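# the amino acid sequence is not available; the structure is as follows:
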């Protein structure tokens, strides 16, 4: 089954009771049992819900996995992965990553005796010197947020398998339309479903996809025990959004390429971070492991003046100044004060995340309108 067919049909069947082609919203907390323990597979909606089951099966198919698990947010999904670990365990993470991931790692789980190493993974061999007998997990984002660094998943897989360490890949920026880490050997794929998968800026949700049965059972136990599960209405909305994921991603990628090229040739722009450029670090890796280069772009202007950054952000219109990314509408953000404010400034600057950096989530509007919007904002500085 090809991807465009999977998004519409995988894991989805007409409702057997009515023939409804759309998965119903099973807005219920509990289920009738004929006798104690004699039920139809559903007891309580924190544990299982039919709408959520269909979404989880669909997401598993999109990532070529076996088991999908949905959570009430992307952070809930990350939380479940780290709860696989024990005090004294160590995690190796990329040093350029979503601020919320950094915050939960350092402010929550370090308190429970888990140690995190934040390192550059652009050269995968650099990971090995941080691996000890206590290392249990490698956490990867690629492309990274917000510097768009590319990490070679297959190279990291070899290291993880050599040392019998779990590898989790945050695939939020790429989506299963652009890359499939499980196919390359990763153990866990994580998504902030809020972003491209849902795609309409109306749901907050996270997901994990795995192939291994035992790992799935551990994560399912955490999911049920800790209770960070989404409601059926949100699951329904995501199922609806997924049906156009391939079409939306095609347009995101087309528009991303157009806007990246425009910015790169603009005299007031200093640097543009987008993995589709041949001179982008690890572009060859991106070309090998991704099917296209996505609609996420970061850039700085000549002089790196924070006042110029504010002027641009205040004068963009189609690019709306707001948290998040991946919706059909274009968004702009200031990582230093928004998505990555929880990361200390000295740590941000080590990876190039300067205070003047602007991050764009290029939507699916007309590309000419988006270019004109940026041109008008840049003309103000």
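Good, I have the coordinates. Since the model is a prediction, treat every value here as computed from it, not as a measurement. Numbering: from 1, shown residues only.
# need the phi and psi values for residue 312.
phi -60, psi -50 (degrees, to the nearest 10).
# that one: neighbouring residues, count only.
Per other Cβ atoms under 10 Å, the neighbour tally for residue 312 reads 25. Yep, even glycine has a C-beta here, placed from its N, CA and C like the rest.
# and the closest residue to residue 298 other than its chain neighbours, how far is that from residue 286?
Among residues not flanking residue 298 along the chain, residue 273 sits closest, at 4.2 Å (Cβ to Cβ, 6 or more residues apart in numbering). To residue 286, residue 273 is 12 Å away according to Cβ to Cβ, to the nearest Å.
# the more surrounded of these two?
Using other Cβ under 10 Å as the criterion, residue 273 and residue 286 rank with residue 286 on top: 27 against 23.
# so for the helix or strand harbouring the more buried one, what's the average pLDDT?
Assessed by DSSP states H and E, residue 286 sits inside helix 283-289. Helix 283-289 carries an average pLDDT of 98.
# can you list the neighbours in contact with that helix?
The contact list for helix 283-289 (Cβ atoms under 8 Å, 6 or more residues apart in numbering) reads 142-143, 150-154, 179, 184, 275-277, 280, 293.
# mind listing the strands for the stretch 201-350 of the chain?
206-210, 269-273, 296-301, 320-321, 331-333 (DSSP state E, counting those that start in this stretch).
# what lines up beside the last one in the sheet?
Same thing as strand 331-333. Sheet pairing of strand 331-333 (DSSP bridges) gives strand 320-321 (parallel), strand 358-361 (antiparallel).
# between those strands, which one is closest to residue 199.
Of all these, strand 358-361 sits nearest to residue 199, with 11.1 Å by Cβ to Cβ.
# following element in sequence after that closest one, please.
Next element after strand 358-361 (DSSP H and E): helix 367-378.
# domains of this protein?
3-242, 245-378 (automatic domain parsing).
# kindly list the longest helix within the protein.
Looking across the chain with DSSP state H, the single longest helix is helix 245-264.
# which stretches of this structure form helices?
Assigned by DSSP H, the helices in the chain fall at 3-9, 50-62, 74-82, 99-103, 153-162, 175-178, 181-184, 213-226, 232-242, 245-264, 283-289, 306-315, 345-350, 367-378.
# mind telling me which of those helices the model trusts least?
When those are compared by mean pLDDT, helix 345-350 comes last with a mean of 90.
# and residue 65, what does it touch?
Listed by Cβ under 8 Å, 6+ apart, the contact set of residue 65 reads 182, 189, 209, 210, 211.
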